[in-house]
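K.L.:
3D model of this:
(2 chains)
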Protein chains: 2
Amino acid sequence: MKNIPNIIVSRLPVYLRALNHMQSQSQQTTSSQELGEFVGVSAAQIRKDLSQFGEFGKQGTGYNIAFLIKKLREILKVDRVWDVIVVGTGDMGHAIARYQGFTNRGFRVAMVFDNNPTLIGKEVGGFVIQDAKTMVNAIREAGIEIAMLTVPDTAAQEVANQLIEAGVKAILNYAPISLSVPPGVMLQYLDPSIGLQRMTYYLE
Amino acid sequence: MKNIPNIIVSRLPVYLRALNHMQSQSQQTTSSQELGEFVGVSAAQIRKDLSQFGEFGKQGTGYNIAFLIKKLREILKVDRVWDVIVVGTGDMGHAIARYQGFTNRGFRVAMVFDNNPTLIGKEVGGFVIQDAKTMVNAIREAGIEIAMLTVPDTAAQEVANQLIEAGVKAILNYAPISLSVPPGVMLQYLDPSIGLQRMTYYLE
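P.N.:
As a prediction, the model looks like this:
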């Protein structure tokens, strides 16, 4: 497999979300112009990004949406369903455990952990909250590679270390602090302040 | 003001978060190498990005962290506190209304709206949930420009249109669907599936 720049890979899920939206509106085909306008990227960039992975469009007729969705799902490996664990069942962990937005996007919450004795054993979103002490073994046994981290800031690095010890390779961090992970482990942040700060620059 | 590419602006909040972390560890100075490793960007890119806005580091001694934080907060206009509204008080809106992570990052939730009669008038995170019917006027009167959107997917575009009508210029969308906004209105997404899909590409 050729080495695709990360910046290109990072745009593909955004294209996929836009294509899913078009499909939900019963649209059959799109162009690099239309898709580009929709996601705020130039048409040339769309064509260049997609051409890294093959020939998905036809000159003059554009892209077949269903076909391009299928291909992007394969490329991003979300043509399957990945088990994901949630660590931390405060407000945000609670919301994620009950979140319906992963359907058809490649993910399913499989287990939920917390270290708070008053929460362990309770239910959230249909999951029994498990004791964080059992987390490393449970992840290892299940072979789960993806975790969402919604613990307090002060605990985030320590819990991330445990997840990595357990074999987790991909962490989505909701704690609004920077984490260190070793090579081979991926880290993405879901930090509302970052999203907002990317816009205030442009406000008067 | 010169026209800085959006991709550069979008990296500044990430640098700021990393610098805040270093400062919280009592670190005084950093280098483009160290900061770059921390955020996964090359040292050259860090230097190039920052040089767009001025001279912040000294050859040999690197960056003074407190000074660079101050400058980045000014550049991103988060050296002040922006009022933000939350629309939708389901699980996610509830979590955001009670979220403590905006402190010192430039934002404060000012009002919370929902259209569910059983929720209007109740409290969440110290806010009385207001009737969405009064939203446009309330936003206009308060002159609020930033909104976080946590309504169901099917309502997101319609509510976004109302926010824009009310004068909102920056929307952070938690609904996992693509929205259309007119020129002059900014849109960022907080979509966990996107973060996860950016990592599954690299998983075996």
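
K.L.:
how far does the one helix or strand in chain A whose mean pLDDT sits lowest sit from the chain's center?
P.N.:
Scoring the helices and strands of chain A by mean pLDDT, DSSP states H and E places strand A:57-58 at the bottom, with a mean of 78. In terms of Cα atoms, centre = their mean, to the nearest Å, the centre of strand A:57-58 is found 28 Å from the chain centre.

K.L.:
quick one, helices of chain A?
P.N.:
Taking DSSP state H, the helices of chain A run over residues A:6-24, A:32-39, A:43-51, A:65-75, A:91-97, A:135-142, A:153-165, A:192-200.

K.L.:
quick one: mean pLDDT for stretch A:9-23?
P.N.:
Stretch A:9-23 shows a mean pLDDT of 96.

K.L.:
now A:I164. Nearest residue, chain neighbours left out?
P.N.:
In space, and not counting its chain neighbours, A:I164 is closest to A:V185: 5.4 Å by Cβ to Cβ, 6 or more residues apart in numbering or on different chains. Placement of C-beta: from N, CA and C, glycine included.

K.L.:
domain parsing for chain A?
P.N.:
Following automatic domain parsing, chain A resolves into domains at A:6-75, A:82-194.

K.L.:
most packed of these?
P.N.:
Highest mean neighbour count of the domains of chain A: domain A:82-194, a mean of 19 (counted as mean count of other Cβ atoms under 10 Å in any protein chain shown).

K.L.:
who's in contact with A:T150?
P.N.:
A:V86, A:V87, A:G88, A:T89, A:G90, A:M92, A:G93, A:I96, A:Y174, A:A175 (Cβ atoms under 8 Å, 6 or more residues apart in numbering or on different chains).

K.L.:
of those, closest to chain B?
P.N.:
A:M92 (4.8 Å; Cβ to the nearest Cβ).

K.L.:
surely the closest one touches A:N173?
P.N.:
No: in this structure, A:M92 is not within contact of A:N173 by Cβ atoms under 8 Å, at 11.1 Å.

K.L.:
one step back: surely the residue nearest to A:I164 meets A:A170?
P.N.:
Yes: at 7.5 Å, A:V185 and A:A170 qualify as touching, with contact defined as Cβ under 8 Å.

K.L.:
let me see the mean pLDDT of stretch A:30-37.
P.N.:
On average, stretch A:30-37 scores 94.

K.L.:
what lies in contact with that stretch?
P.N.:
So stretch A:30-37 is contacted by A:15, A:18-19, A:22, A:42-47, A:50, A:57, A:62-63, A:65, A:68 (Cβ under 8 Å, 6+ apart).

K.L.:
please redo it, this time with the cut-off set to 7 Å
P.N.:
Residues outside stretch A:30-37 that contact it (Cβ atoms under 7 Å, 6 or more residues apart in numbering or on different chains) are A:Y15, A:A18, A:M22, A:S42, A:A43, A:Q45, A:I46, A:R47, A:G62, A:Y63, A:I65.

K.L.:
okay, how far is it across stretch A:78-90, tip to tip?
P.N.:
28 Å (Cα to Cα, to the nearest Å).

K.L.:
that one near chain B anywhere?
P.N.:
Yes: contact of stretch A:78-90 with chain B (Cβ under 7 Å from any Cβ of the partner chain) involves A:V78, A:W82.

K.L.:
what does that stretch rub up against?
P.N.:
Against stretch A:78-90 from outside (Cβ under 7 Å, 6+ apart): A:73, A:93, A:96-97, A:105-114, A:119, A:124, A:129, A:132, A:135, A:139, A:142, A:144, A:146-151, A:159, B:197, B:200.

K.L.:
residues contacting the residue nearest to the spatial centre of chain A?
P.N.:
In chain A, the residue lying closest to the centroid (Cα atoms, centre = their mean) is A:L172, at 7.1 Å. Taking Cβ under 7 Å, 6+ apart as the criterion, A:L172 is in contact with A:M148, A:L149, A:Q188, A:L190, B:P192, B:G195, B:L196.

K.L.:
tabulate those (JSON lines), appending pLDDT and distance to B:A155.
P.N.:
Compiled in JSON lines, those are given as follows (pLDDT from 0 to 100; distance: Cβ to Cβ, whole Å):
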{"residue": "A:M148", "pLDDT": "98", "distance to B:A155": "25"}
{"residue": "A:L149", "pLDDT": "98", "distance to B:A155": "29"}
{"residue": "A:Q188", "pLDDT": "96", "distance to B:A155": "27"}
{"residue": "A:L190", "pLDDT": "95", "distance to B:A155": "22"}
{"residue": "B:P192", "pLDDT": "96", "distance to B:A155": "19"}
{"residue": "B:G195", "pLDDT": "96", "distance to B:A155": "23"}
{"residue": "B:L196", "pLDDT": "98", "distance to B:A155": "24"}
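
K.L.:
that older thread, pick out the lowest-pLDDT one from the contacts of stretch A:30-37.
P.N.:
Of all these, A:G62 has the smallest pLDDT value, namely 90.

K.L.:
identify the bridge partners of that one.
P.N.:
When assigned by DSSP bridges, A:G62 has beta-bridge partners A:K58.

K.L.:
confirm for me that it is in contact with A:Q28.
P.N.:
No: taking contacts as Cβ atoms under 7 Å, A:G62 lies outside contact range of A:Q28: 9.8 Å.

K.L.:
kindly list the longest strand within chain A.
P.N.:
Determined from DSSP state E, the single longest strand within chain A is strand A:107-114.

K.L.:
what about that one and chain B, any contact?
P.N.:
Yes: Strand A:107-114 is in contact with chain B by Cβ under 7 Å from any Cβ, via A:F107.

K.L.:
and the least confident helix or strand of chain A, what does it pack onto?
P.N.:
Based on contacts counted as 3 or more Cβ pairs under 7 Å, 6 or more residues apart in numbering or on different chains; DSSP states H and E, there is no element that strand A:57-58 packs against.

K.L.:
what does it rub up against?
P.N.:
In contact with strand A:57-58 (Cβ under 7 Å, 6+ apart) are residues A:Y63.

K.L.:
what's the distance between A:S10 and chain B?
P.N.:
5 Å (Cβ to the nearest Cβ, to the nearest Å).

K.L.:
that residue reaches B:G195, doesn't it?
P.N.:
No: in this structure, A:S10 is not within contact of B:G195 by Cβ under 7 Å, at 9.7 Å.
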